[in-house]
Each structure stands twice: as structure tokens, then as C-alpha cells.
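Engineer: I'd like to go over a predicted model; first the sequence, then the structure.
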Amino acid sequence: MRFTVATFNIHKGFSHLGRRMVIHELREKLRGMAADILFLQEVQGVHRRHAGRYRDWPLMPQHEFIADTVWHEVAYGRNATTRHGHHGNAVLSRYPIIAHTNQDISAHAFENRGLLHCVMQLKRGVPPLHCINVHLGLFERGRRWQIHALTERIREMVPLDAPLVIAGDFNDWRSKADRLLQEDLGVVEVFSAARGRPARTFPSVLPVFRLDRIYARGLNIVDTDVHYAYPLARLSDHAALAATFDLERKHAARQR
């Protein structure tokens, strides 16, 4: 069974400099990527001030607006609450989400972060797919604690023989979290496996830093793609990543 995942920090539906609302263009771009499962960060669940200020502000949460009739399953994890509303991470899926949990991994009171853990049933006869959407902090000390929380959750909640995808905005410009995840969990960073190193994703106009990642375990990597193309660079300060996996081949190889 083949499926595609994509991860994108949508910057709360505003352009990379925050000058204009682009949530409508973002929705069309994400649909064009044809991913089966979307990992989205900085998703605006509610913002009452924007709703009153912008005439075409969606009347529903951004994750529901993007999903519409394309992704029938949606999970949202609220990470930060302000006087105008709240925002967090979201997972959109074409497959049934049979369980989901949002875990607070905020390292301090000034930066609210979370990991959204979803379990999906892709088809009968194969183990459920575990998907974990993360947005880690800006400071290295906090990221170390957050990576520890992530690895502990996976050790406790994800069976070793279950297929696993971890994706999101890691803010890991020095690649320290990358080494810890691969050593502690036995995951592979899919762009490193396919192309030799993680993809450059930030800033989207002229990418230098490798902040966004997709990790996998128990899956065969078929293809990878970085969505730099115009007008994506104007839609967020991050580029989008996509990876295609084959589930059955990996598990068939294990059975032999």
C-alpha cells in the first residue's frame, strides 16, 4: 500500500512577512500537493480579531477550512491560547483516525508547544500507522527536553513493529535533535536517506536552514519532494515537504 504525507508550517494563514492573509491560496496549494496525510503547524483554530478585520476570513477553524471535502478526518491540538483565540498543530487524513492525543511539551511559559499523536487505520490486515506532528521550541535547551518527551512517548505508546511517521517543524538548525531521534528511536530522516541530507526549508524565499523534517520507521521510502515553487515562497516562511511510502513491502520483507 502506497501513501503520501506532507508537512507544512502554514504561519497562521499569513504570508511569510505577515503582510497579507493567504489562507485561501494555501488551501489550493495544499490540495495540489495531493497528500493523503497532512501535518500542519501554526494552525489558527480561532482568532476573533482577524475574523472581524478580514472580510474573507474563514468562518471555521483553518484546519477544517483546508480539509473541507478532501481530507475527511481531522485532528487538532491546541497549543497556545490568546485573548483573541488559539492555535496549534493539525493532522488531516484521507484514512480513518482511530485515536488522537495532544501532549503539552512546552519548555517554559513564554513558548507553548505540543505534539499531536494520531493513530490511523490505513487498511485491514496491516498494523495501524502512528503519526506524530511536532513543533519544537526556538531554544536548544528546551528542544532537548521536548525531544526527550517525544522519545518517551514513542517508547511507551508505539509498538516497535508499528509503522511510524514523525513530521513537523523541529527548529533544529544544528541537527542535534536529528542525531538523538535516529539513535534513540531507530527512525530515519527520509530526505537524508533519499538524498543524503535533510532538506533546506527556511526561509522559504531563499532556504538556508534545515528546520522541517520527516522521520519514519517500519516503512519503505518511495519518493521525496520539496515544494519551493512560486507562489509557495510567498505563502509561508517555510517550504513544504512531502514523502511517499510503501507500507506492504516493508512488512512483507519482515515476514520473510
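Structural biologist: Now that the structure is in, tell me what you want to look at.
Engineer: how about the contacts made by the closest residue to His11 other than its chain neighbours?
Structural biologist: Across the structure, with CB to CB, 6 or more residues apart in numbering as the measure, the residue nearest His11 apart from its sequence neighbours is Ser236 (4.4 Å). For every residue, glycine as well, the C-beta is placed using N, CA and C. With contacts defined as CB atoms under 8 Å, 6 or more residues apart in numbering, the neighbours of Ser236 are 8-11, 15-16, 22, 26, 204.
Engineer: name the element Leu160 belongs to?
Structural biologist: Leu160 is part of no helix or strand, with elements assigned from DSSP states H and E.
Engineer: how close does it get to Arg217?
Structural biologist: 8 Å (CB to CB, to the nearest Å).
Engineer: who has more neighbours, these two?
Structural biologist: More crowded of Leu160 and Arg217, by other CB atoms under 10 Å: Arg217, with 20 against 11.
Engineer: that one pairs with what?
Structural biologist: Partner residues in beta bridges with Arg217, using DSSP bridges, are Leu164.
Engineer: could you number the chain from 4 rather than 1 from now on?
Structural biologist: Got it, the first residue is 4 from now on, which makes the last one we talked about Arg220.
Engineer: and the contacts of Ser239 as TSV, adding neighbour count?
Structural biologist: Listed next are the contacts of Ser239 as TSV, based on neighbours: other CB atoms under 10 Å:
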residue	neighbour count
Phe11	31
Asn12	25
Ile13	27
His14	22
Ser18	19
His19	18
Val25	19
Leu29	24
Ser207	22
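Engineer: looking at those, which one is closest to His138?
Structural biologist: Each of these was checked against His138 using CB to CB; the closest is Asn12, at 7.3 Å.
Engineer: what sits against the closest one?
Structural biologist: By CB under 8 Å, 6+ apart, Asn12 lies in contact with 43-45, 138, 171-172, 215, 239-241.
Engineer: quick one: pLDDT of Ala245?
Structural biologist: Ala245 carries a pLDDT score of 98 in this model.
Engineer: check contacts around it.
Structural biologist: Neighbouring residues of Ala245 by CB under 8 Å, 6+ apart: 7-10, 36, 38, 227-230.
Engineer: list the ones among those that fall in strands.
Structural biologist: Judged by DSSP state E, the contacts of Ala245 include 7-10, 227-230 as members of strands.
Engineer: got these as a markdown table, with neighbour count and pLDDT columns?
Structural biologist: Rendered in a markdown table, the data for these read as follows (neighbours: other CB atoms under 10 Å; pLDDT from 0 to 100):
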| residue | neighbour count | pLDDT |
| --- | --- | --- |
| Thr7 | 18 | 98 |
| Val8 | 24 | 98 |
| Ala9 | 23 | 98 |
| Thr10 | 27 | 98 |
| Thr227 | 17 | 98 |
| Asp228 | 17 | 96 |
| Val229 | 17 | 94 |
| His230 | 20 | 90 |
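Engineer: if any of the contacts of Asn12 are buried, put those into a ChimeraX selection.
Structural biologist: Typed into ChimeraX, the line below selects the buried ones among those, using 16 or more other CB atoms under 10 Å:
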select :43,44,45,138,171,172,215,239,240,241
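Engineer: all helices for the stretch 104-253 of the chain, in order.
Structural biologist: For the stretch 104-253 of the chain, the helices defined by DSSP state H, counting those that start in this stretch occupy 143-160, 179-188, 193-198, 235-238, 250-258.
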